[in-house]
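Q: Show me how the following folds:
(one chain, ligands or ions: 3)
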Amino acid sequence: MQSLDKQDRFHRKAIKPEEARELLMNHIRTLPMEWIPLDESWGRRLGENVYAPHPFPPFRRSGMDGYAVRTEDLLQATPDNPARLTVLESLPGGVVPRYPLGSGQATRIMTGGMVPDGADAVVMLEMTADDERDGMPTVLIGKNARAGLNIAEIGCEIEQGELLLSEGQPIGPGETALLAACGYTQVPVFRRPRVAIFSTGSELLEVDEPLSPAKIRNSNASMLSALVKQFGGAPILLGKVPDDVKAARELVNHGLRDCDLLLTSGGVSVGDYDVMVEVLADPEAELLYNKIAMRPGSPTTAALYNDKPIVALSGNPGACFVGFHLFVAPSLKAMQGEPQPVTPSFKAFLGADFPKVNAYRRYIRARTEIREGTIWVIPNGDDKSSLMSTIVGADCLIEIPPLKAALEQGHLVTAWKLE
Ligand SMILES: Nc1nc2c(c(=O)[nH]1)N[C@H]1C(S)=C(S)[C@@H](COP(=O)(O)OP(=O)(O)OC[C@H]3O[C@@H](n4cnc5c(N)ncnc54)[C@H](O)[C@@H]3O)O[C@H]1N2
Ligand code: MOO
Ligand SMILES: [Mg+2]
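A: Ligands and ions are numbered 1, 2, ... in the order given. Prediction:
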């Protein structure tokens, strides 16, 4: 029997997943900003609002290969009686027009070219016929045109000084295009969260070690490292410790020195060798929670050391994965300025019967499928928390509330995207 004192220190009170997330996220701070080269900024989040230094397009731009014209010259034009315009010049891309258009004149222009002053439309080449007259190039146009046709006015896409992108916005291909167009060779981004990771377990081998009896390879550290990268963090891999409280405590102290968040896996349940329970019972640590009313991942634990968060995830790979998504992923997003770090849920049809009944809310590894235009979520097979294979290909978690009866295929369920 444990002493009463020990039982007290290790007391567990199950709280809801939302409460657990909030308790942790109350201690998450946005990281400082840094400037990095645009070409390295994909996937990072903007550290401040970015404004347009100039309008875009920066000049009146032709949207077609054709002729820049004055629409008033085409008012009487018909296929049988086309207007004949004198061609002043033919503009290659990137060249400023030499002549403004006068009455009865046109300029040959290509897509993206700078429309000459005086022109108020571009007629596409297919609607025109070149026809020399008295040794001078002329063009015949048999139809009138509306003012503004095929011309993109200065600033029609982006006005000077306009908010281009907002703080916290992830930089994807579109954001990169805007930043490049506006001359941002360096972009302001939030620093990557530094996430120290170690695994506990005397049964653990390195990935490159051959199997030996009663041992398994440390797969959680690699999985967590990939997850941290997926959410914009920089993993710091600290390896593993055996089930030894002193060794685990030392690695916690070491890991906390140079990280924004410490992640551990294993040793959080009620077993004799569940060392993280003892480590986090340290009076210097402020325990946030050590039991969550959910499966998998019920023993997921979080604590603070001098306000620095440590999330001790369950050793079971499925539970480790789910715990990361529910608590760590939103924390990493918040550190990088995401204003809404918790992904909203969506409704979808359940793609297979769910026969299990239980008293806890479950989060099932699943994948989304579009069937005849409707979204279905298909459990990735057995959802036992010890399984790794059902993490493969998971792109969402299905939330199954506590149930007294099985759920049938086609039931409308709540799910969460795993970006
Ligand atoms: N008597 C009880 N036993 C258990 C309970 C309980 O309430 N009462 N809870 C179960 C639940 S739920 C879970 S989840 C697990 C949590 O276990 P721990 O977080 O303490 O993790 P370990 O005991 O260290 O390991 C569990 C399992 O995972 C494997 N593991 C651990 N680390 C890794 C790693 N880095 N890579 C791959 N696999 C790892 C480990 O070998 C074990 O098989 O406890 C239940 N027990
Ligand atoms: O909480 Mo455990 O992860 O259900 O198996
Ligand atoms: Mg255990």
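Q: Run through the strands of the stretch 101-250 of the chain in chain order.
A: For the stretch 101-250 of the chain, the strands defined by DSSP state E, counting those that start in this stretch cover 105-109, 121-124, 128-130, 138-141, 151-152, 163-165, 186-190, 194-200, 204-205, 216-217, 234-241.
Q: got the buried residues for the fourth one?
A: Of the residues in strand 138-141, those scored as buried under the neighbour-count criterion (16 or more other CB atoms under 10 Å) are 138-141. For the C-beta atoms, the positions are set from N, CA and C on the backbone; glycine is no exception.
Q: OK, contacts around the residue lying closest to Val392 once chain neighbours are set aside?
A: Closest residue to Val392 apart from its sequence neighbours, by CB to CB, 6 or more residues apart in numbering: Asn380 at 7.3 Å. Neighbouring residues of Asn380 by CB atoms under 8 Å, 6 or more residues apart in numbering: 364-367, 390-394.
Q: do the same with Ala221
A: 197-199, 237, 239-240, 265.
Q: Name the member of these with the most neighbours.
A: Ser265 (30 neighbours; other CB atoms under 10 Å).
Q: From ligand 2, how far off is that one?
A: 12 Å (CB to the nearest ligand atom, to the nearest Å).
Q: Could I get the average pLDDT for stretch 411-419?
A: Per-residue pLDDT over stretch 411-419 has a mean of 95.
Q: now the helices for the stretch 251-400 of the chain?
A: For the stretch 251-400 of the chain, the helices defined by DSSP state H, counting those that start in this stretch cover 275-279, 317-323, 329-335.
Q: and what of the stretch 51-200 of the chain?
A: Ranges of helices within the stretch 51-200 of the chain are 173-181, based on DSSP H, counting those that start in this stretch.
Q: can you list the weak-confidence ranges in it?
A: Within the stretch 51-200 of the chain, no range satisfies pLDDT under 70.
Q: what's across from the residue of it found nearest ligand 3 in the sheet?
A: Distance from ligand 3 to each residue of the stretch 51-200 of the chain (CB to the ion) is smallest for Thr200, at 9.0 Å. Taking DSSP bridges as the rule, Thr200 bridges to Val241.
Q: what sits against whichever residue of the stretch 51-200 of the chain sits closest to ligand 1?
A: Ligand 1 sits closest to Ser199 of the stretch 51-200 of the chain, with a gap of 3.6 Å, by CB to the nearest ligand atom. Counting by CB under 8 Å, 6+ apart, Ser199 touches 218, 220-221, 239-241, 264-266, 315.
Q: which non-adjacent residue is nearest it?
A: That would be Lys240: by CB to CB, 6+ apart, it lies 4.3 Å from Ser199.
Q: of all the contacts of Ser199, which comes closest to ligand 2?
A: Once CB to the nearest ligand atom is applied, the member of those that ends up nearest ligand 2 is Gly315, at 8.9 Å.
Q: how about the nearest residue to that closest one, chain neighbours excluded?
A: Gly266 (3.0 Å).
Q: what residues are up against the one you found?
A: By CB under 8 Å, 6+ apart, the contact set of Gly266 is 199-201, 220, 274, 276, 313-315.
Q: related to what we said a few turns ago, would you convert the contacts of Ala221 into TSV that also reports distance to Arg108?
A: Conversion of those to TSV gives the following (distance: CB to CB, whole Å):
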residue	distance to Arg108
Ile197	62
Phe198	68
Ser199	68
Leu237	62
Gly239	68
Lys240	70
Ser265	67
